[in-house]
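Undergrad: Fold the following.
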Amino acid sequence: MNPKLEKIVARIQEVPSLPSTLTGVLQTIDCPESTIDEIAREIKKDQSLTVNVLKIANSAFYGLLGQVSTIRQAIVLIGLNELRTIVLGQSVFRFYAVESKTDFKRKDLWAHSMVCAFLAKKLAKEAFVADREGSCMIGGLIHDIGKVVIDRYFPDEFVNIIRMVQSEGVSFATAERELLGYTHYQIGATLLKKWNFPPELVSCVLFHHAPWRDTEFPHISATVFHANVLSKVMRFPSYSKDKTCGSTWLKEPAQRRFLEKNGLPVHKADLKAFLSTAYSRIVSETSSVVGAMDIPSNTHPEQQAYAL
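TA: Here you go, the predicted model:
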């Protein structure tokens, strides 16, 4: 095995597994024979998850403010697909919440990830993957989890990666490949495999910068890729000093055709309409389903230049 890869794999093995309470909930949800009461019992084993499920069920998004008092009621209201999304999101949030060992602002990354999650869900509704909204949303949420791994377990290398991104104007992936030997999406996919995440999520994390290489779940990877680019257009980058705007890909005819084939908007008028509508709902819907976030009030996507 390559020495660099061996070192990375060894460090990833140090990453804690998901809490048994969360894996228990996911397994119960995925079991076709499980009853709502059995799922509710599993959720109640995790106090933080219990609070969040009730909070989401009582949010403005579901229109029953303060009327849902039991986990059973919440499950019926939210539905199993959305519940699964919430549990996966909770798992990721706990990993992101660990304090950074560098000057990298996790808050910026978390805001970027949540906006990306919302956009991926909205894009999925309008494309050919409406039945995979939950997977697209979680894919958007976790696509950059590899950056957290590098920040947490390779802080010295990560400091140099950030310096290279800032001073030379290159992408994170370019700097990672040069200084670490592997990218955040390769490392993120490896971690998700360790956590036994669904194959479509492992795949979309691995291919979120090149979805046309995904032969198994191209629709999901394309949706997360597009959401990632659009979140940067809306001025929500994962790193505030990242100089790569992410718009040049639209000038590649092959990539445009690939996105269009997957039902995603690529024309200027369609993108402006999509972003304008998306921004007006990001605060309420994203915070309801994923968690509280701060969004700058002076950010308006319809005012952002989109180079076509």
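Undergrad: Low-confidence regions, the stretch 51-200 of the chain specifically.
TA: Across the stretch 51-200 of the chain, the ranges flagged by pLDDT under 70 are 60-66, 97-101, 103, 128-131.
Undergrad: As a check, name the ranges of all strands in it.
TA: Under the criterion DSSP state E, counting those that start in this stretch, the stretch 51-200 of the chain carries no strands.
Undergrad: just so I have it, where are all the helices in it?
TA: With helices called from DSSP state H, counting those that start in this stretch, the stretch 51-200 of the chain shows them at 71-78, 80-96, 106-126, 133-142, 145-153, 155-168, 172-179, 184-194, 199-206.
Undergrad: where's the residue nearest to the spatial centre of the chain relative to residue 25, distance?
TA: The structure's the chain has its C-alpha centroid closest to residue 141; by Cα atoms, centre = their mean the separation is 1.4 Å. Look at residue 141 and residue 25: by Cβ to Cβ, to the nearest Å, they are 17 Å apart. C-betas here are computed from N, CA, C, even on glycine.
Undergrad: Would you check that the residue nearest to the centre of the chain makes contact with residue 89?
TA: Yes. With contact defined as Cβ atoms under 8 Å, residue 141 reaches residue 89; the gap is 5.8 Å.
Undergrad: give me every residue that touches residue 78.
TA: Going by Cβ atoms under 8 Å, 6 or more residues apart in numbering, residue 78 touches 53, 56-57, 62, 86.
Undergrad: Residue 136 against residue 122, yeah?
TA: No. Using Cβ under 8 Å, residue 136 makes no contact with residue 122, being 9.1 Å away.
Undergrad: Who has more neighbours out of the two?
TA: residue 136 (32 against 24; other Cβ atoms under 10 Å).
Undergrad: Just give me the neighbour total for the closest residue to residue 193 other than its chain neighbours.
TA: Spatial nearest neighbour of residue 193, chain neighbours left out: residue 202 (5.6 Å); criterion: Cβ to Cβ, 6 or more residues apart in numbering. Per other Cβ under 10 Å, the neighbour tally for residue 202 reads 22.
Undergrad: Equivalent analysis for residue 20, please.
TA: 10.
Undergrad: can you tell me how far it sits from residue 125?
TA: 34 Å.
Undergrad: about what we covered before: show me what contacts the residue nearest to residue 193?
TA: Here residue 202 is in contact with 189, 192-193 (Cβ under 8 Å, 6+ apart).
Undergrad: now swap in residue 46 and tell me
TA: Contacts of residue 46 by Cβ under 8 Å, 6+ apart are 19, 21-22, 25.
Undergrad: And it, its phi and psi?
TA: Main-chain dihedrals, residue 46, degrees, to the nearest 10: phi -120, psi 110.
Undergrad: per-residue confidence for it?
TA: Looking at residue 46, its pLDDT is 87.
Undergrad: Can you give me the domain boundaries for this structure?
TA: 1-97, 100-308 (automatic domain parsing).
Undergrad: Ranking the ones you listed by mean neighbour count, which comes first?
TA: domain 100-308 (a mean of 19; mean count of other Cβ atoms under 10 Å).
Undergrad: so how far is that domain from its chain's centroid?
TA: Mean-position distance between domain 100-308 and its chain equals 7 Å (Cα atoms, centre = their mean, to the nearest Å).
Undergrad: I'd say residue 102 and residue 151 touch.
TA: Yes. Using Cβ under 8 Å, residue 102 is in contact with residue 151, at 5.7 Å.
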